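*Asks:* Below are the sequence and a predicted model for it; my questions follow.
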Number of protein chains: 2
Amino acid sequence: MIEGRKRRGGRKLKIAAAASSARVVNYRQLRHPFTPQRIFSDDSVQAIHEAALTMLETLGIKFLLPEARDLLRGAGALVDDDTQMVRIGREIIAAAIKSAPKSIRLRAINPIREQIYEQGALLFTPGSGCPNATDLERGRRPGSLRDFEDAIKLQQSFDVIHKHGPSAEPQDIPIHNRHYAMMRAQMTLGDKPLFVYARGRGQVEQSFDLIRAGLNLSDDDFRDGVWASTVINTNSPRQVDSPMAQGIIDFARAGQMSIITPFCLAGAMAPVTVAGALTLQHGEALACIALAQVAASGAPVSYGGFSSNVDMKSGAPAFGTPEHVKMQLGSGQLARLIGFPWRSAAGSASNVADAQGATENVMGLWGALQAGATMVVHSAGWLEGGLSFGFEKFIFDVEALQSLAELCTPTPADAGAIGMDALAEVEPGGHFFAAAHTMERYATAFYEPLVADLSNFGAWTEAGGKTAAERALGVWQQVLRDYLKPEGSDDIAHRLAPMIEEMEKTGGAAPLD
Amino acid sequence: MIEGRKRRGGRKLKIAAAASSARVVNYRQLRHPFTPQRIFSDDSVQAIHEAALTMLETLGIKFLLPEARDLLRGAGALVDDDTQMVRIGREIIAAAIKSAPKSIRLRAINPIREQIYEQGALLFTPGSGCPNATDLERGRRPGSLRDFEDAIKLQQSFDVIHKHGPSAEPQDIPIHNRHYAMMRAQMTLGDKPLFVYARGRGQVEQSFDLIRAGLNLSDDDFRDGVWASTVINTNSPRQVDSPMAQGIIDFARAGQMSIITPFCLAGAMAPVTVAGALTLQHGEALACIALAQVAASGAPVSYGGFSSNVDMKSGAPAFGTPEHVKMQLGSGQLARLIGFPWRSAAGSASNVADAQGATENVMGLWGALQAGATMVVHSAGWLEGGLSFGFEKFIFDVEALQSLAELCTPTPADAGAIGMDALAEVEPGGHFFAAAHTMERYATAFYEPLVADLSNFGAWTEAGGKTAAERALGVWQQVLRDYLKPEGSDDIAHRLAPMIEEMEKTGGAAPLD
């Protein structure tokens, strides 16, 4: 018998189709199942850390926001206001590393969605920050509020997505009112940990106000754990622009979480080497962590990295490449060196939800899994290096996430699992379909695919010969049809409506440039 | 700046397109870069091993070939010729585990293709054993000699494919002559380690004769390392059919390698649990290893497993599933327990070269990488659970293999790699494109994609908006156009031709049923 060619009617056998309904696996809180892998020796990790400290101390980093420079100057950094350069001594960094919490409670509207954000935890968040949206029904278009809301509904519908994210930018909402629509959608269509863009103090404070009022939280409630997080991208190399620095300060003072994420593309905004790009990433992250701790000692802040490489022929960013994976592994080592939870990212540079897009994302997901990332951002639906959120891509990326989540479940090897009775019961060359051991377990034994089609070529052809993307179209449409608002959502909406109306009446809040 | 949206003209920048030609990475011999991961505790691994020994000792395994039963009887096994059942004591297994070599030299026509087959080595082999072939130009059809030969040319063209395999079955060649065509194609179109099907003594001995004569090997040369290997699939559960048992015996006596591979699909031919399927796999593998060692003590033999699960609704085999990955990890632990090199497998159940197919294969590839597999079979081009060899799928699976091979290369973190000079040279917010550190390295810094398209949406659309599969069509066509026969190939062909003519004249060799 040759493997893969032994069918013995297996493909034709029909077992109770009700098998699916019995299987329930909790994907809501995951812990890493594997030991993190290394790409560098301990000495090399230490050398990169030291180089980053030297870079901050001798070359410095540019903070465009005067308030940020003043705060760091107050902590002992050497500041030149003309050049906006800040040189940060290693003792300031050491103090920041010490004062930052290493385990952070991420609150959620629904308590069952809460997360402990720490080393060892594993969270997936959706593809985020995309100006465009695309799907096979409506094609590629600028993101709209409908796309943003549909994406929140999809995020809400899969437990393996652990935190909301701004998948498609609602470009049809004026920028000074956009944060209202984003907060309303997250808080009334979902019940998971919330995302707030750091687009200036006005928008951030109003977003926090909406969370407190919408969820009926006292000031103390709001500071009991973290209700909102934001991603802080540096303007690599060695530069932090004003909205980002202000975001770090405002989130820190409000007890909310900044996820520090230098976006270091080796060969473009970062050195062309893995070690060089990581040195830059690490230094920038440490500088931002220091700003958060200087603004409010003990403020929740996440280490992070989203370093990859560019295509040296075109300068285009690449994802899921070997260099991307190597930088994930190195980032994990650096995060463990300083003891921080950290975010990584997957994603795809593909222009379409095809095999390239799938390969790139799954490479990045496994990289993050082996690197011990606390949170994997852009883990579903991220196309064109983040320029488009793909609805079909979201669905089959969720399939990959669910597969990885299954690896977090224990694998029993007790006498019942080994099943010597079953081995004795089935005769040589026979089959286990009807064995008692099978009948007791078959309904819940295996992960059941969301979009993968396991039917044979003939049946698949008869059913229309659809690709994974074409089937995923039907899946997300059905998920949106089946979607139900979370409990308590109407109450939240009622509380938000008059506040938002009032805020809009007074002109909204302009973003900080 | 929001990640993924910072372009600053990066996508437009054109750097010397000649960058590609400078980069040469040796993918020919790979070593695992990672520490193998575990799915079971050491106690559980031991429990599965003990259960497998108990199964062999008390339940036994059915060998359809009288010669196999006689050999095992001679070693002390309890044989019932009426039922064909053989009960194998653990002392026989212990002796076999001891006498089998743990490091095996795989010879190749071209010495630079040699492999040391042992724990820690990493070999990829192509999708194999497929009755059909499929591509976007010619559609899906029964495999032909042309498909078989084209597949050998493709295997030969990528260093990351380490051993030849019978990708598409040449169904247009009568079965009693088919092995001649398969050996001629491998030996004249490729120069990598060879595959021989175990389809009965006649075909095996003739194939060995062709290798000796074609390569001008003395009997001693032929036994100096391994020149041919075969995959031995059991007829699970607990049954070994005649051609397979005869193959084990004949390969062992000729000093060639059997790769023992129970194909245990949990829920169908194996217990529905991961631990149960692995117990069956392990017991069957140990029984076959024992037969090889009884036939010729010290014979080269590989442990192996290709266990996965079936879809419990349809009975269809599934690949790249969480259960498949768990079984890979468990197989690795069992192989390490007995100290053997071992084969795993990736592959896909998808009917088409789409995102499902890519996701399934990449999941299995990472599973094998984390499981510490010595050889990953079906790692490129395997569709429909092995019923079709896909030419486009082969190409973008090779892209994934090359990406993993890159992870096997060291990642420098010396002062030059960290690049403090470059960090000092580039001003805040600037770019590294023109930095001296970049200029010295850019031509060889990054893996260069084979089929991934990193151009932006506009450029991609202008170029025809092709999916990865559509681009892969052009790639394999070009590779076949550029293909060159290996050096010395004509000499081999001249030596083989009269032998094959004579063998065909005398009626070929019928396979053993």
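*Replies:* Nice, thanks for sending it over. This structure is a prediction, so every number in the text was calculated from the model and none was measured. Numbers count the residues shown, from 1 in each chain, chains lettered A, B, ... in the order given.

*Asks:* Heading C-terminal from the host helix or strand of A:Tyr180, find the next helix or strand.
*Replies:* Under the criterion of DSSP states H and E, A:Tyr180 resides in helix A:178-189. Using DSSP H and E, the helix or strand that follows helix A:178-189 in sequence is strand A:194-195.

*Asks:* re earlier: point out the other elements, helices or strands, that the helix holding A:Tyr180 touches.
*Replies:* Applying 3 or more CB pairs under 8 Å, 6 or more residues apart in numbering or on different chains; DSSP states H and E, we find helix A:178-189 packed against helix A:145-157, strand A:194-195, helix A:201-214, helix A:489-505. Any C-beta I mention is one placed from the backbone N, CA and C, and that applies to glycine too.

*Asks:* make it 7 Å
*Replies:* Packing contacts for helix A:178-189, counted by 3 or more CB pairs under 7 Å, 6 or more residues apart in numbering or on different chains; DSSP states H and E, involve helix A:145-157, helix A:201-214, helix A:489-505.

*Asks:* Rebuild the ones you listed as JSON lines, extending it with mean pLDDT, mean neighbour count and distance to B:Met503.
*Replies:* Shown next, in JSON lines, are the helices and strands packed on helix A:178-189 (pLDDT from 0 to 100; neighbours: other CB atoms under 10 Å in any protein chain shown; distance: least, CB to CB, whole Å):
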{"stretch": "helix A:145-157", "mean pLDDT": "98", "mean neighbour count": "22", "distance to B:Met503": "62"}
{"stretch": "helix A:201-214", "mean pLDDT": "98", "mean neighbour count": "20", "distance to B:Met503": "80"}
{"stretch": "helix A:489-505", "mean pLDDT": "98", "mean neighbour count": "15", "distance to B:Met503": "77"}
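
*Asks:* could these go into JSON lines alongside distance to B:Leu454?
*Replies:* As requested, those are exported to JSON lines (distance: least, CB to CB, whole Å):
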{"stretch": "helix A:145-157", "distance to B:Leu454": "25"}
{"stretch": "helix A:201-214", "distance to B:Leu454": "34"}
{"stretch": "helix A:489-505", "distance to B:Leu454": "41"}
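
*Asks:* Please identify which of the ones you listed is closest to A:Pro101.
*Replies:* Proximity to A:Pro101 (CB to CB) singles out helix A:201-214 among those, at 19.2 Å.

*Asks:* A:Ala168 pairs with what?
*Replies:* For A:Ala168, the beta-bridge assignment (DSSP bridges) gives partners A:Cys130.

*Asks:* give the contact list for it.
*Replies:* Listed by CB atoms under 7 Å, 6 or more residues apart in numbering or on different chains, the contact partners of A:Ala168 are A:Cys130, A:Ala133, A:Gly143, A:Asp147, A:Phe148, A:Ala151, A:Phe389.

*Asks:* Residue numbers of the stretch 51-200 of chain A in contact with chain B?
*Replies:* A:Ala51, A:Met55, A:Leu59, A:Ile61, A:Lys62, A:Gly129, A:Pro131 (CB under 7 Å from any CB of the partner chain).

*Asks:* Closest one to A:His378 out of these, please.
*Replies:* Set against A:His378, the nearest of these by CB to CB is A:Gly129 (8.2 Å).

*Asks:* give me the number of residues near that closest one?
*Replies:* By the criterion of other CB atoms under 10 Å in any protein chain shown, A:Gly129 has 24 neighbours.

*Asks:* For it, give me the pLDDT.
*Replies:* Looking at A:Gly129, its pLDDT stands at 97.

*Asks:* So it is in contact with A:Gly386, correct?
*Replies:* Yes. Counting by CB atoms under 7 Å, A:Gly129 does reach A:Gly386; the two are 5.8 Å apart.

*Asks:* Please, which helix or strand holds the spatially most distant residue from the centre of chain A?
*Replies:* Largest separation from the mean C-alpha position in chain A: A:Glu427, at 48.6 Å (CA atoms, centre = their mean). Using DSSP H and E, A:Glu427 falls within no helix or strand.
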